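Engineer: whatever this is, show me its structure:
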Amino acid sequence: MGESGLQTVSVRVAAAGASRTADREALVAFVAEVTRSDPALVSVQQRCPHCGAADHGRPGARVDGRPVGVGLARTSGIVVLAVGPASLGVDVERASRVTAAPLDAFTAGERHRAVASGPEGAGVHLTACWTVKEAVLKRDGRGLRVDPARVEAVLGRVGDGQVDRARFDGMEQLVTVVVLDADLVVAVAAGGAPVRVEDLRGPGPQDGGDTGTTPTPRRHGRQGGAVSGRRRG
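Structural biologist: Residues are numbered from 1 along each chain as shown. Down below sits the predicted model:
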């Protein structure tokens, strides 16, 4: 069967499910929605290229036999689902977690650019660097079996709407960084494909807890270096 034909990466940000199985079921449903397919025709698998295990490794999907790129990432209280071209990686992280962790994963250049972004932006910048590293390594298929310091995120002003770059093993990777709020950052590695983000967390505090509100989708699109967003009531 041929490729899916998807040209845009669709990303959904939502409260994490009750289990990893629930998150995988949500990914199947999202693939069906994006591809406008019957969920019965969607299959999602995980396979580690090193040990062959099916409980970890880069996920892949097929819709009626056609390969579709998928990604799934988690942080405290949040799951991020991605559907798009056949090769992609996605990651999400909280700035509060990155700044609290003694990570020895950043290059001198990354630290310099983070400091240059100012005291209020340094934590978000380093968080963007970390999510870019994970997204690139997930797309590569080896994940954190590779030292994340081998990936250097070369980011401009984080959240300025531009497609950014990362360097990995002498190759340049195009990446997209979306800052959802002061604490939450998403990165997508998909060869520079346009990225559209749907944020289903709803208004109010975004700490993964019950906010007592009904989620209202917020959409952020990034195409040709421009970002737009709108809220649906």
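Engineer: all strands of this structure, in order?
Structural biologist: Remark: strands assigned in the chain by DSSP state E are 9-15, 42-46, 59-63, 66-75, 78-84, 89-94, 151-154, 164-168, 171-181, 184-189, 195-199, 218-223, 226-231.
Engineer: what's the most buried one of those?
Structural biologist: Among those, strand 184-189 has the highest mean neighbour count (mean count of other CB atoms under 10 Å), at a mean of 29. Heads up, the C-betas are built off the backbone N, CA and C, glycines and all.
Engineer: how about the strands of the chain, which one is nearest residue 133?
Structural biologist: Judged by CB to CB, the one of the strands of the chain that comes nearest to residue 133 is strand 151-154, at 4.3 Å.
Engineer: the closest one packs against which elements?
Structural biologist: Contact here means 3 or more CB pairs under 8 Å, 6 or more residues apart in numbering; DSSP states H and E; on that basis strand 151-154 packs against helix 108-116, helix 122-140, strand 164-168.
Engineer: could you check the distance from residue 186 over to residue 83?
Structural biologist: Applying CB to CB, to the nearest Å, the value for residue 186 to residue 83 is 14 Å.
Engineer: then residue 73?
Structural biologist: 13 Å.
Engineer: next: residue 33.
Structural biologist: For residue 33, the distance to residue 83 - CB to CB - is 8 Å.
Engineer: residue 12 and residue 81 touch, don't they?
Structural biologist: Yes. The criterion here is CB atoms under 8 Å, and residue 12 meets it with residue 81 at 4.6 Å.
Engineer: what do the two both touch?
Structural biologist: Common neighbours of residue 12 and residue 81, counting by CB atoms under 8 Å, 6 or more residues apart in numbering, are residue 30.
Engineer: what is the neighbour count of the residue nearest to residue 110 when sequence neighbours are not counted?
Structural biologist: Distances taken as CB to CB, 6 or more residues apart in numbering put residue 129 closest to residue 110, at 4.8 Å, once the chain neighbours are dropped. Counted with other CB atoms under 10 Å, residues neighbouring residue 129 total 32.
Engineer: list the contacts of residue 24.
Structural biologist: So residue 24 contacts 44, 72 (CB under 8 Å, 6+ apart).
Engineer: quick one: contacts for the residue positioned nearest the centre of the chain?
Structural biologist: Geometric centre of the chain, nearest residue: residue 90, 2.8 Å, by CA atoms, centre = their mean. Residue 90 sits next to 9, 11, 71-73, 80, 82, 135, 138, 186-189 when contact means CB under 8 Å, 6+ apart.
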